[in-house]
Every structure is written in C-alpha cells, then in structure tokens.
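In: Only the shape, not the letters, is given here:
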C-alpha cells in the first residue's frame, strides 16, 4: 500500500522540489482544500505527474490562470492541483497558413499580442484575457460577442493535445503527433471542464486583424421592440461582427452593434443600420461597451449569483419578460448581457433563498422549451446548487466517454454535468 508520504515524495521527485509545494488556503476550490500544488515544466513532466496521481488514486484539479475555478459544481474531492502556468510558449505561428500552435498555459492576451505582430488574431473575446489561459478558455468554452461572426471555439480549434490520466499524450486534428482513434479530441475537450484530460497545447485557425472598428448603440422602450430590431438586423445584409443587448431591473434595453472594416466600409454599414432602425436614435458608445459581460462579474459580490443561459433568438423577449417577473416577485435585482445568437450572461443580486428560487424557476421554465441555464458563480450558501441542470439524453454518452478516458475519475471529479 502506498502511503501519503511516499506519494508526496514521488510527486516531488517528478516535478522537482522547487515546483512542488503544499496547498494553502488560496488554493481552495469552492471550499475544498487540496493537499499539493505542482507546476510541471513541460508536457512530459505534466503527463508523468498525472499518471502518478492517477495510479495513487488522487483527485487532480487542472489549473491555468484560475479565473474560472468557481464554474461548475463543487469537486467531490481534490488532492493535487496541476498548474499549466509554465507551459506558456507559442510553439508555431504559421502566419502564411493562418494557424498557430500554442501551449495551454499561455495567456490569451500574450497570444494576441504575438499574433498582432503579423496583423492576425484569434477571433475570440474571452473573459479576463490578461489572466485567462488558452487551456482554461478551452475547458470552459468561454467566448463573447465575436462568436456571432467567427463561430464558437469548436469552430476555431483545429487540433489539441491532451495528457490523459494514464500518462498518455494524445493528439487529434491539425499538427497531429499521435491520434486517438474514434474521438474528435478538439471538440470533446472544449467545454469539458478538464474532466477528460489536461490540455497541454492547441492549434487554432486565425483571422486578419481588422483595420478599424466602430460600435453603434441604440435603446428602445421595450424588450419586444428590441427583439424585433435585433432580428431585423440579423436578417439583413449587414456585415456586423457583434450584436449584444444590455438590460436590467428598471432599465430600458440597449443594443450594441460592432462593425469591423475600412473607414468607408464602416460609414456604409452605419448608414444601412440607420435605415433599419428608422426613427430610433443612436447613443454614445465606445470599445469599452464590449466589456459589459465582464463587468457583470466585476459587479458581483459574495451574495450574488451569475449564470449563463442559452435560448433561441426568437425567445429573447420571452426570456427577459420571464426573468423580470420572477426577479420582481423575489425582490431580486438583475442585469444581463445577451448576444444576438441567444447566449446571455445574467447577474442576480439578493438574498440567498431568493436567488435560489429565481434560478431554479427560471431553469425549469427555460428547459421546457429546449433552452439551458448554467450557474457560473454563486454565494457560499448555495454551493450545493447544481450548476448544470438537466443534461438530457446525452448524459449516458458523456459518462461512457468519461469512463473510457478517465476510468478512475481522477480529473475534476463531480464538477461536470451529472456529477461526472
């Protein structure tokens, strides 16, 4: 039988004493304190640490920039935090082919700054880009307004490399090293919350940086009128890059439209937009408008709840009306930023029991017409509140894939859908 001391010694010998330490209170995850923190220096060392922990029956929590560790359910157990902070290199920027291979611990902002030197970008706008790492962004499937024009992360990623719990380093997609037959690893790993393997590097398709951009904002008296205009914009020939709606308790809805083109192109697009808006006047706006989603997290306190919902664009007004009624009945203040594709970020402020009531009722109503409601941040009193809601018929398949890739439930146990 392996003792705790011998496990610790073995992990330390793999990582090196200077890159292995005991966990402190700052390493706690949703109130669960791991035993150790290791920061491997390369992909092979990470895989060796993971294999050692897996063999010893330890629960492993992958960690990048730590910006979204509160997302998902509270872990069933946590023994070792495996940091990707040292895996931060850009392996290859094939600028002529518009692709980049980057390690998981590289921050999103660092990647963008490097790509910008060749007039390119990864067309994505995740939260906290200066701290969020590529691996974390992929694991949480985090994207913002640019998704309207360029698609989701699953559309932008073309290859990924994972360290599996048994120590295998497996790749799939572009720049393949070793394939895992039968699995589309890039799509499986995206949004899996690190429950299938630890992302060590990824390959993305790139887009040119825009020459310039312009934001046009406008307000309407009602959410019904706003939905009508948003759908009209979506059905038009406008080449807009982003379109979001901002609204909240006692505030008129405001929409923001992002255009990226030459100056002449921007002027032409804005003229066409005004034709659709007719008598609705534009409001002052700036590039900071597109930080509205992140501002909801900045405004959140210890007694607030933040969730992500996904509905059909045609149901936006219905969803906002339902939200307003529920929040008003429970004396809960709310703010939301909703993308035109129907994905919204919601901030609820109020007493814990009231937050629970609004969240559960809203989730139940949304799931009845095929929508989803996922809790991202919640107060300490609501840690037991399930983050994901009804997984539907996909749960059996998810469990089967988890069983194949992580049979001992080593990675992030209990944090994903259905307590996977």
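Out: Good, I have the coordinates. Because the structure is a prediction, the values reported are computed rather than measured. Numbering: from 1, shown residues only.

In: State which strand of this protein is the longest.
Out: Longest strand of the chain, by residue count under DSSP state E: strand 251-261.

In: what sits up against it?
Out: 145, 210-223, 226, 229-230, 233, 238-247, 265-266, 269-270, 273, 283, 285, 289-290, 292, 320 (C-beta atoms under 8 Å, 6 or more residues apart in numbering). Backbone N, C-alpha and C define where each C-beta goes, glycine included.

In: From those, list the buried ones, please.
Out: Among the contacts of strand 251-261, those scoring as buried are 145, 210, 214-220, 223, 226, 229-230, 233, 238, 240-247, 265-266, 269-270, 273, 285, 289-290, 292, 320 (criterion: 16 or more other C-beta atoms under 10 Å).

In: going on from the longest strand of the chain, what's the next piece of helix or strand?
Out: Going down the chain from strand 251-261, the next helix or strand is helix 263-277, by DSSP states H and E.

In: what's the angle between that next one and strand 251-261?
Out: Put simply, helix 263-277 runs at 150 degrees to strand 251-261, going by axes from the mean of the first three to the mean of the last three C-alpha atoms, to 10 degrees.

In: for the record, mean pLDDT for the longest helix anywhere in the chain?
Out: The residue-count maximum for a helix in the chain (DSSP state H) belongs to helix 352-368. On average, the pLDDT along helix 352-368 is 97.

In: Run through the neighbouring helices and strands of that helix.
Out: Under the contact criterion of 3 or more C-beta pairs under 8 Å, 6 or more residues apart in numbering; DSSP states H and E, helix 352-368 touches strand 304-310, helix 316-329, strand 343-349, strand 372-377.

In: Buried residues in that helix, which are they?
Out: Neighbour-count burial for helix 352-368 flags 352, 354-363, 365-366 (criterion: 16+ other C-beta under 10 Å).

In: what does stretch 123-141 give?
Out: 123-129, 132-141.

In: before we move on, what about stretch 22-30?
Out: For stretch 22-30, by 16+ other C-beta under 10 Å, it's 23, 27, 29, 30.

In: Quickly note the distance from the last one to residue 231.
Out: With distances defined as C-beta to C-beta, to the nearest Å, the gap from residue 30 to residue 231 amounts to 39 Å.

In: and if you look at residue 326?
Out: Residue 326 is 24 Å from residue 231, where distance means C-beta to C-beta.

In: of the two, who's got more company?
Out: Shown here are residue 326 and residue 231; by other C-beta atoms under 10 Å, residue 326 has more neighbours (20 against 15).

In: For the more buried one, give its distance to residue 196.
Out: Counting by C-beta to C-beta, the gap from residue 326 to residue 196 is 35 Å.

In: Also residue 254?
Out: Residue 254 is 39 Å from residue 196, by C-beta to C-beta.

In: Can you measure across stretch 92-99, start residue to end residue?
Out: Using C-alpha to C-alpha, to the nearest Å, the end-to-end distance of stretch 92-99 comes to 8 Å.

In: what does stretch 35-47 give?
Out: OK, stretch 35-47 end separation, C-alpha to C-alpha: 19 Å.

In: Could you do stretch 54-70 as well?
Out: End to end - C-alpha to C-alpha - stretch 54-70 spans 23 Å.

In: Pull the distance from that stretch to the chain's centre.
Out: Distance of stretch 54-70 from the chain centroid (C-alpha atoms, centre = their mean, to the nearest Å) equals 16 Å.

In: what's the answer for stretch 376-395, then?
Out: Computed by C-alpha atoms, centre = their mean, the chain-centroid distance of stretch 376-395 equals 15 Å.

In: who touches it?
Out: Stretch 376-395 is touched from outside by 30-31, 68, 70-74, 297, 300, 302-308, 345, 352, 355-356, 359-360, 363, 367, 372-375, 398, 416-418, with contacts defined as C-beta under 8 Å, 6+ apart.

In: Restricted to buried residues, select those in PyMOL.
Out: In PyMOL, a selection of the buried entries from the contacts of stretch 376-395 looks like this (16+ other C-beta under 10 Å):
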select buried, resi 30+68+70+71+72+73+74+297+300+303+304+305+306+307+308+345+352+355+356+359+360+363+372+373+374+375+398+416+417+418
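
In: low pLDDT regions in the stretch 201-350 of the chain?
Out: Filtered on pLDDT under 70, the stretch 201-350 of the chain yields no residues whatsoever.

In: 80 instead?
Out: The model of the stretch 201-350 of the chain has pLDDT under 80 over residues 286-287, 300-302.
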